[in-house]
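Student: here is a sequence together with a model predicted from it:
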Amino acid sequence: MEELANLFHGFAVALQPYNIMLMIIGITLGVIIGVLPGLGGANGVAILLPLTFSMPPTSAIIMLSCIYWGALFGGAITSILFNIPGEPWSVATTFDGYPMAQQGKPGEALTAAFTSSFVGALFAVIMITLVAPLVAGFALRFGPAEKFAVYFLAFCSFVGLSKEPPFKTIAAMMMGFALAAVGLDSITGQLRLTFGVTELLNGFDFLIAVIGLFGIGEILLTMEEGLAFRGGNATINLRVVLHTWRELPSYWMTSLRSCLIGCWMGVTPAGATPASFMSYGIAKRLARRGNNFGKGEIEGVIAPETAAHAAGTSALLPMLSLGVPGSPTAAVLLGGLLIWGLQPGPMLFVEQKEFVWGLIASMYLGNLAGLLVVLTCVPIFAAILRVPFGIIAPLILVLCAIGAYSVHNSTFDVMLMLVFGVLGYLLKKCNYPLAPLVLAIVLGDKAEEAFRQSLLGSQGSLGVFFSNGLVSTIMVLGLVALFWSAIQEGFSRLRTAAA
Amino acid sequence: MKPFVLNVAFAAIAMSCVCSAPSSAAWEPVRPVEFIVPAGTGGGADQMARTIQGIVTKHNLMKQPLVVINKAGGAGGEGFLDVKTASNNPHKIIITLSNLFTTPLATGIPFNWKDLTPVAMLALDEFVLWVNAEKPYNTVKDYVEAAKAAPAGSFKMGGTGSKQEDQIITVGIEKAIDARFTYIPYKGGGEVAVQLVGNHVDSTVNNPIEAIAQWRGGKLRPLCVFDAQPMAYDEPIADGKAWKDIPTCKSQGLAMEYLMLRGVFMSPKATKDQIEYYVELFKKVRATPEWQEFMKSGAFNTTFLTGADYAKWIEAEEKRHEGLMKDAGFLAPGN
């Protein structure tokens, strides 16, 4: 019960008018940052970090973490409206969110995305409040082998469940792995596949690939199809929010599953992006209407958004208790903690009670404030789709170019984005799925790194992936997901044979 | 006709600017200064750059804003090449770590520190040998015995990056005690410390700031510091022990010394006035209580060098890195 007393004390801190003001400023800034592709939460927080040095640490982290929540909310907006993921973790949201918008249901999709984000975050905060010390210890058991197992599971749960022809899926994924391999090999410290081009030192940034593949590719397709956005007849009414809410509780199972996946991935810390992909893949297989996924199913929006937000929120737990950031934004916040003179780690919860519980209380309030801000704006966002394509397309292009530029402040990236745009268009024309390619670019080098770290540690023995209960369980889960279709078929044959 | 009129107008404005500026005054930035960090957000160099940015903003030390930009690609190569190509642009400075030497040597990118203009050494970062507090090694001697007794390659050393400072120190230790470790590279120092807490590696050479929290939490134990003398900070951290109480590795029979440069450079062909401006700026930054607090929290060695002394130090350090990297077989083909 001591936690509850601490929490209420935290609320008292977070509810001071000054802090509430910072919270609202933070959320609004965050939403804007999230909407702009490329200018991710990590960059936004990094840019604003120095402004907070003159504030008390608790107020500073409240404002910065609210930017983070805002960015998590905002990432969904462009994903749904224009098929351009504002943030890596909202890629999976485009799969069903964009078709929904095209069918004239952008309001429903946005409401579902925002509400799910809130549910995911709330679940994660409650978990942090109640079981923080317990969960923090769990993260310590994750060495390279365990991390690789988690990535393996993310790949398998996505691939095994794909409806596309397996060879096209594999071809797209291999292309992603090849792109992910460009740049510095972090294990040997050597440059790979850069061919002496200094611009390629950094490798292909995931965000640039995504902005090009999805955003530019989509514009090219729309141009071919006659310069018309199909979401033009969107209803613009606040009632759409209430209407959607009535529908949402029936998907409680998907939500709960996504919350658990998200929390687990956030704490371990694998991050929000694999969480959203994994959650989408599993929902696709287990949901009643899973066959319709990809065609504008509301559950296909709920699953990735819930998981991404749950992961994004719970990623702060290992940061505070261990000093390991669970996401890039958490890494910047970690730098901030040190500058404010706070030492993240096992002693923070003991020595800096006011700070920690003020932050946790602000997670509750910040997410609530965020939900209110974005929900009231749903009709405005949806109305954007009514703007004629001839006006909106150049604006999107400019937005994409700014986004691509701001990732590394480099004009080379803008060119690269255009190249990826053409690639995206060609792949779509040839019916190659983009999702496995994107997944491989995001997680490819991390998975490779964890794999090679494990093998270094085990001196080359693959047994390391089955060396303890935890890692074996995750690996077996991954294999089951990979061969799920075959297993299912086997079962149904057995059943018919028995009958 | 129009462009001509415009040109004349611009020329007139330019002239008036030149004339109104007092000719004797020292150089000052006239537009925002880019502060390049050749490493990722959240790392040691990034923290230092952002602390400086915060101090400059808070104490109003510059008339123009100081903007921190991360260019981490290719182990920092991206950032170095960016400043190298910004000849005659005095509005670009860069904070460096040991990758100033190691990245060009290991990857063969066309860069050498002489391509930049040295400004000032801000501090030196210490390296400490850490083990998990549950392990029975209480002294360097216990540790060396255990490392030697283990089968070759089964003793795991975790560190940040590949063919960079952590691995150089690891190779140095191997040489000094005649044992073989397996070095496992990770992305960031904080992650390395936590891998040690989780017993996924046997020891690390984390910087103080990366491992202090785990030391205070009783999870890690420092064995020795890779410096010629013990660190200066005597405030107790854990179990009544302070940074000062950690013995030097050399005194414990482990002959390896390594300090990492935290210094500032600027773009090539900078004038004397321009260098002087930044040197004065960093002197002011160093005098603030925030900077001193930051130095204390990371147990930094606060050596400050400028001008010829600084260049001499870098030159010697470059030679040393060449030797260390050559011995370890880390040089890129052609270097």
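Tutor: All right, it came through fine.
Student: could you use CA atoms for every contact and neighbour count after this?
Tutor: Fine.
Student: residues contacting stretch A:217-224, please?
Tutor: If you take CA atoms under 8 Å, 6 or more residues apart in numbering or on different chains as the criterion, stretch A:217-224 is touched by A:82, A:83, A:228, A:229, A:393, A:420, A:421, A:422, A:423, A:424, A:425.
Student: could I get it in CSV with only the CA atoms?
Tutor: Output of stretch A:217-224 as CSV, limited to C-alpha atoms (Å, rounded to 0.1, in the frame of the first residue of the first chain):
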residue,chain,number,x,y,z
GLY,A,217,4.9,5.2,-53.3
GLU,A,218,1.3,5.9,-52.3
ILE,A,219,1.2,9.2,-54.1
LEU,A,220,2.6,7.6,-57.3
LEU,A,221,-0.2,5.0,-57.1
THR,A,222,-2.9,7.6,-56.5
MET,A,223,-1.7,9.6,-59.5
GLU,A,224,-2.0,6.6,-61.7
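Student: before we move on, the earlier item: who wins for most neighbours among the contacts of stretch A:217-224?
Tutor: Using other CA atoms under 10 Å in any protein chain shown as the contact criterion, the top neighbour count among the contacts of stretch A:217-224 goes to residue A:83, which has 29 neighbours.
Student: how about it, what does it touch?
Tutor: Under the criterion of CA under 8 Å, 6+ apart, the neighbours of residue A:83 are A:94, A:98, A:214, A:215, A:218.
Student: run the last query once more with 6 Å
Tutor: Applying CA atoms under 6 Å, 6 or more residues apart in numbering or on different chains, we find residue A:83 in contact with A:94, A:98.
Student: kindly report the residues of the stretch 201-350 of chain A close to chain B.
Tutor: Taking CA under 6 Å from any CA of the partner chain, the part of the stretch 201-350 of chain A that reaches chain B is made up of A:201, A:202, A:324, A:331, A:332, A:335, A:345, A:346, A:347.
Student: sorry, back to before: reformat the contacts of stretch A:217-224 as a markdown table; add pLDDT.
Tutor: Output for the contacts of stretch A:217-224, formatted as a markdown table (pLDDT from 0 to 100):
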| residue | pLDDT |
| --- | --- |
| A:82 | 83 |
| A:83 | 84 |
| A:228 | 60 |
| A:229 | 56 |
| A:393 | 83 |
| A:420 | 94 |
| A:421 | 93 |
| A:422 | 95 |
| A:423 | 94 |
| A:424 | 92 |
| A:425 | 93 |
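Student: how many neighbours does residue B:82 have?
Tutor: Neighbour count for residue B:82, taken as other CA under 10 Å: 17.
Student: same thing with residue A:246?
Tutor: For residue A:246, which is what you asked about, the neighbour count (other CA under 10 Å) is 10.
Student: just the one 3 residues further on next, same as before
Tutor: Here the number of neighbours of residue A:249 (other CA under 10 Å) works out to 11.
Student: what sits up against stretch B:160-174?
Tutor: Contact partners of stretch B:160-174, identified using CA under 6 Å, 6+ apart, comprise A:187, A:188, A:189, B:102, B:159, B:180, B:185, B:186, B:187, B:188, B:189.
Student: identify the residue nearest the geometric centre of chain B.
Tutor: Computing the C-alpha centroid of chain B and ranking residues by CA atoms, centre = their mean puts residue B:97 first, at 2.8 Å.
Student: could you list which of the contacts of stretch B:160-174 belong to strands?
Tutor: For these, membership in strands holds for B:159, B:185, B:186, with DSSP state E as the criterion.
Student: would CSV of those residues with distance to chain A, neighbour count and pLDDT be doable?
Tutor: Formatted as CSV, the ones in strands among the contacts of stretch B:160-174 follow (distance: CA to the nearest CA, whole Å; neighbours: other CA atoms under 10 Å in any protein chain shown; pLDDT from 0 to 100):
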residue, distance to chain A, neighbour count, pLDDT
B:159, 11, 29, 93
B:185, 6, 26, 94
B:186, 8, 21, 90
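Student: what segments of chain B are helices?
Tutor: In chain B, helices defined by DSSP state H lie at B:2-20, B:44-58, B:77-84, B:99-107, B:140-149, B:165-177, B:189-197, B:208-216, B:272-286, B:289-297, B:307-328, listed in chain order.
Student: and the closest residue to chain B within the stretch 351-499 of chain A, what helix or strand is that in?
Tutor: Using CA to the nearest CA, the single residue of the stretch 351-499 of chain A nearest to chain B is residue A:453, 6.0 Å away. Using DSSP states H and E, residue A:453 sits in helix A:435-457.
Student: check which helices and strands that helix sits against.
Tutor: Other elements packing on helix A:435-457 under the criterion 3 or more CA pairs under 6 Å, 6 or more residues apart in numbering or on different chains; DSSP states H and E are helix A:144-159, helix A:166-180.
Student: so what does the last one touch, helix or strand wise?
Tutor: I take that to be helix A:166-180. Helix A:166-180 makes packing contacts with helix A:435-457 when contacts are defined by 3+ CA pairs under 6 Å, 6+ apart.
Student: that's a helix at residue A:269, yeah?
Tutor: No - judged by DSSP: H, G, I helix; E, B strand; the rest coil, residue A:269 forms no part of a helix; its state is coil.
Student: what comes up buried for the host helix or strand of residue A:80?
Tutor: Residue A:80 is located in helix A:57-82, with elements delineated by DSSP H and E. Applying a neighbour-count criterion of 16 or more other CA atoms under 10 Å in any protein chain shown, one finds A:57-82 buried in helix A:57-82.
Student: could you do stretch B:215-233 as well?
Tutor: Counting neighbours by 16+ other CA under 10 Å, one finds that the buried residues in stretch B:215-233 are B:215-228, B:230-231, B:233.
Student: how long is it end to end?
Tutor: End-to-end span of stretch B:215-233 (CA to CA, to the nearest Å): 15 Å.
Student: quick check, it touching chain A?
Tutor: Yes - residues of stretch B:215-233 contacting chain A under CA under 6 Å from any CA: residue B:217.
Student: and that stretch, what's its mean pLDDT?
Tutor: pLDDT averaged over stretch B:215-233 equals 93, rounded to a whole number.
Student: contact partners of it?
Tutor: Counting by CA under 6 Å, 6+ apart, stretch B:215-233 makes contact with A:346-347, B:127-133, B:139-140, B:214, B:238, B:243-244, B:246-249, B:257-258, all of which sit outside it.
Student: okay, residue 59: pLDDT?
Tutor: Reading this off chain A. Confidence at residue A:59, expressed as pLDDT, is 88.
Student: can you look at chain B instead?
Tutor: Residue B:59 carries a pLDDT value of 89.
Student: what about it, neighbour count?
Tutor: Neighbours of residue B:59 under the rule other CA under 10 Å: 11.
Student: same deal with residue A:190?
Tutor: Under the criterion other CA under 10 Å, the count of neighbours that residue A:190 has is 19.
Student: with the one 5 residues further on instead?
Tutor: Using other CA under 10 Å, the number of residues around residue A:195 comes to 11.
Student: any idea which helix or strand carries it?
Tutor: Assigned by DSSP H and E, residue A:195 belongs to no helix or strand.
Student: how far away is it from chain B?
Tutor: With distances defined as CA to the nearest CA, to the nearest Å, the gap from residue A:195 to chain B amounts to 11 Å.
Student: just the contacts of stretch A:217-224 now: which is nearest residue A:292?
Tutor: Proximity to residue A:292 was ranked across the contacts of stretch A:217-224 by CA to CA; first place goes to residue A:83, at 18.2 Å.
Student: dihedrals phi and psi, the closest one?
Tutor: Here the main-chain torsion angles of residue A:83 (degrees, to the nearest 10) amount to phi 70, psi 20.
Student: of all the residues in chain A, which one is nearest chain B?
Tutor: For chain A, CA to the nearest CA, closest residue to chain B: residue A:202, 3.8 Å.
Student: which ones are touching that residue?
Tutor: In this structure, residue A:202 makes contact with A:183, B:73, B:74, judged by CA under 6 Å, 6+ apart.
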